[in-house]
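Asks: Fold the following and give me the result.
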Amino acid sequence: MKNLILSIVAVMLACFLAFLLFIATNQQALVKVHETISNFSTFDNVAKGKTLINTDENHSAKAAITGDKAEEKPYNAKDYVPIAEESSHDASNKKVAQANLPSFNVVLKAAQEKVNNNNNSQNEYNDYAIDNTCQGAYYYIFTFKNAKKPHSFYRVTVDKHENAVIFDDAYKPVPQDEARKPNVSAQESEVIAQKYATDHFTQTPRLEKVKEAKQGMLYVFVDVQTKKELKLVITKSGKIITQPALK
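Replies: Numbers count the residues shown, from 1 in each chain. Model prediction:
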């Protein structure tokens, strides 16, 4: 047993001595191995660097593509009169609505050109809102001060195809105290709305929606043939305010 252990130790020592002899006689080979390992590390770092550069370039390209849209934030004029703002009743999620519409600057420009060409004047921008039809089609509402009709405003709609349509050119805001002064009941309000809608359409319209609005009650009627909508707000004082809708 003792001789067996001594033999194993002798073999291990011989192997170790052979390894040391290999190292001593093959220094040049070891240098080449070391250089190869270093080269692999260098290549790996270069590859990683190129990947990072490509990633940064991709991010920059995406930023360049989306940058314009990010900068086009909707805004109202300074000291604006809340007209379009009071006309919006359905599009509560503006982010979803804006994703389904052209960029703000594009549609504002279309509306501005429409009113300026209408009266050959520079009409000052006032405010905006986003609304939608009963079928879920979103559209912008813009208002501009009518340069040729004092204290009157243009109201313009612009759809997803950038079609700008003048809804009216001489809208006069209803004083807040008048709009909210309770004079008519809910039943009287609906009768007023129904009569106006019947006179507006050639056939009896369908009442699609009734809901409370900022200035009174909102009524949405739909022409059963053309599918066009008529939006009315009957104020608490009984005044009829037609709301911008796609024509």
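Asks: So what's the residue count around H161?
Replies: 9 (other Cβ atoms under 10 Å). Using the backbone N, CA and C atoms, a C-beta is placed for each residue, glycine as well.
Asks: Correction: the previous question concerned T157.
Replies: T157 has 23 neighbours, counted by other Cβ under 10 Å.
Asks: Could you check which helix or strand contains it?
Replies: Per DSSP states H and E: T157 is located in strand 153-158.
Asks: which strands and helices sit next to that strand?
Replies: Judged by 3 or more Cβ pairs under 8 Å, 6 or more residues apart in numbering; DSSP states H and E, strand 153-158 is in contact with helix 104-119, strand 138-145, strand 164-171.
Asks: Which helix or strand lies directly C-terminal to the helix or strand bottoming out on mean pLDDT in the chain?
Replies: In the chain, no helix or strand scores lower on mean pLDDT, DSSP states H and E than helix 27-71, which sits at a mean of 45. Sequence-wise, the next helix or strand downstream of helix 27-71 (DSSP H and E) is helix 84-87.
Asks: Who are the packing partners of that following helix?
Replies: Secondary-structure packing of helix 84-87 (3+ Cβ pairs under 8 Å, 6+ apart): strand 125-132, strand 138-145.
Asks: Break this structure into its domains for me.
Replies: 2-69, 76-173, 174-247 (automatic domain parsing).
Asks: For the second one, measure first residue to last.
Replies: When you say that, I think you mean domain 76-173. Length of domain 76-173, first residue to last, Cα to Cα, to the nearest Å: 16 Å.
Asks: And the average pLDDT for it is what?
Replies: Averaging pLDDT along domain 76-173 yields 91.
Asks: re the thing from before, so the strand holding T157 versus strand 138-145, what angle?
Replies: 160 degrees (axes from the mean of the first three to the mean of the last three Cα atoms, to 10 degrees).
Asks: Can you list the strands that strand 153-158 pairs with?
Replies: strand 138-145 (antiparallel), strand 164-171 (antiparallel) (DSSP bridges).
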